[in-house]
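**Student:** Generate coordinates for the sequence data below:
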Amino acid sequence: MVSPVTVVSERASEPVSRAVGARWPGGWAAAGQASGGRGGAGIPRRPTPPAGGGRCHGPGSGTRGAPRSPAGGGKTGHVTRKRDFVVLCVWRGSVGWRLGEQAAPTCFACLLRSMRLGEEVKSEGPKLVPFFKATCVYFVLWLPSSSPSCVSALIKCLPIFCLWLFLLAHGLGFLLAHPNATRIFVGLVFSAVGDAFLIWQDQGYFVHGLLMFAVAHMFYASAFGMRPLALRTGLVMAVLSGLCYALLYPYLSGAFTYLVGVYMALISFMGWRAMAGLRLVGAAWRWTKLAAGSGALLFIISDLIIAFNKFCFPVPYSRALIMSTYYAAQMFIALSAVESRDPVEDHRLSKAN
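**Tutor:** The predicted model follows:
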């Protein structure tokens, strides 16, 4: 049963009206308290209508008409920002939310989105089953890199092929309607070509693979976009990239001196754009942005292991570390293409913040 819930308090700031599912016959309960209330008060065993500080309107509340605050100046559909104590309980959902004294602004819609997160991620799980199976096949077979062949190239690229299918499983209309998803798909195509070249890196195809992955990073960065700018994040990424290049520089020679520098600049730029939109809290939080940031970070780690293992010193278990972080990175980046919210709602939430 879908029913709206509205919580009213004296000082209103954040909208909380939302259609939510509730099986409990009594619906919802909210408790308001004046600014002197203690933030440590517990949630009542059974939700009961509050006295004085606020009102709850839901199924079974028996209240008709527009709600009003006790002082007469409250606004409907809002929750207090500071110094008021609010408890929202979802009985049968095992969810409790508290805003104590001096609490930061929190939107009830965030709580509802976090409750839906498990369902959203779960809906994508079956589409990733071929990817996990192909990854297991690669690690089980563990074909020797000393004898490259078309079969070993196919086995290595197979998980990336499965990520193509993961995006195509959402439909061609999805890719056509979402340019960012299309760019990520193209980036996965270049990544698969780069993987194939790296199979024969000892035969002189390492540079070809490097160039293919550089193009893939440009498509990924374009998909992540330039908003928000997040200059601090860009500065941190630039400093870390410069430090890593400074460690590698004494071991580089010839064309690699410039190629590695350009590649590190590109992957750092991609990582900056992936992490720029990351919000861990607030109404603008998106699990797809978290997936993008995680994928970019794992990709950087994988490539750093490649660089140090090839140019500086042998890294123990380098191949296992490189491929595990690489496949995880590509999976997270592919997941970031899945839209968890429509652009209109995204714009509204960004303005609300």
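
**Student:** State the distance from L198 to F311.
**Tutor:** Counting by C-beta to C-beta, to the nearest Å, the separation of L198 from F311 is 15 Å. C-betas here are computed from N, CA, C, even on glycine.

**Student:** go on, A169?
**Tutor:** A169 is 39 Å from F311, by C-beta to C-beta.

**Student:** Looking at these two, which is more packed in?
**Tutor:** F311 (16 against 13; other C-beta atoms under 10 Å).

**Student:** tell me the contacts of the more buried one?
**Tutor:** By C-beta atoms under 8 Å, 6 or more residues apart in numbering, the contact set of F311 is L248, Y251, L252, F256, V260.

**Student:** Then it would be within a strand, right?
**Tutor:** No. F311 is assigned helix when assessed by DSSP: H, G, I helix; E, B strand; the rest coil, not a strand.

**Student:** Quick check, pLDDT for it.
**Tutor:** The model reports F311 with a pLDDT of 95.

**Student:** What's the separation between it and L304?
**Tutor:** F311 is 11 Å from L304, by C-beta to C-beta.

**Student:** Look up how far C244 lies from L278.
**Tutor:** 21 Å.

**Student:** go on, I322?
**Tutor:** For I322, the distance to C244 (C-beta to C-beta) stands at 16 Å.

**Student:** now H208
**Tutor:** For H208, the distance to C244 - C-beta to C-beta - is 23 Å.

**Student:** Also F311?
**Tutor:** According to C-beta to C-beta, F311 and C244 sit 12 Å apart.

**Student:** can I get the CA coordinates of the helix or strand hosting A291 in PDB?
**Tutor:** A291 belongs to helix 287-307 when assigned by DSSP states H and E. Listed next in PDB are the C-alpha coordinates belonging to helix 287-307 (Å, rounded to 0.1, in the frame of the first residue of the first chain):
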ATOM      1  CA  TRP A 287      25.400   5.200  -5.700                       C
ATOM      2  CA  THR A 288      26.400   5.500  -9.300                       C
ATOM      3  CA  LYS A 289      28.800   8.300  -8.400                       C
ATOM      4  CA  LEU A 290      30.300   6.100  -5.700                       C
ATOM      5  CA  ALA A 291      30.800   3.300  -8.200                       C
ATOM      6  CA  ALA A 292      32.500   5.800 -10.600                       C
ATOM      7  CA  GLY A 293      34.900   7.000  -7.900                       C
ATOM      8  CA  SER A 294      35.700   3.400  -6.700                       C
ATOM      9  CA  GLY A 295      36.300   2.300 -10.300                       C
ATOM     10  CA  ALA A 296      38.600   5.200 -11.100                       C
ATOM     11  CA  LEU A 297      40.600   4.600  -7.900                       C
ATOM     12  CA  LEU A 298      41.000   0.900  -8.600                       C
ATOM     13  CA  PHE A 299      42.000   1.600 -12.200                       C
ATOM     14  CA  ILE A 300      44.800   4.000 -10.900                       C
ATOM     15  CA  ILE A 301      46.000   1.400  -8.500                       C
ATOM     16  CA  SER A 302      46.100  -1.300 -11.200                       C
ATOM     17  CA  ASP A 303      48.100   0.900 -13.600                       C
ATOM     18  CA  LEU A 304      50.500   1.900 -10.900                       C
ATOM     19  CA  ILE A 305      51.300  -1.700 -10.100                       C
ATOM     20  CA  ILE A 306      51.900  -2.200 -13.900                       C
ATOM     21  CA  ALA A 307      54.200   0.800 -14.000                       C
END
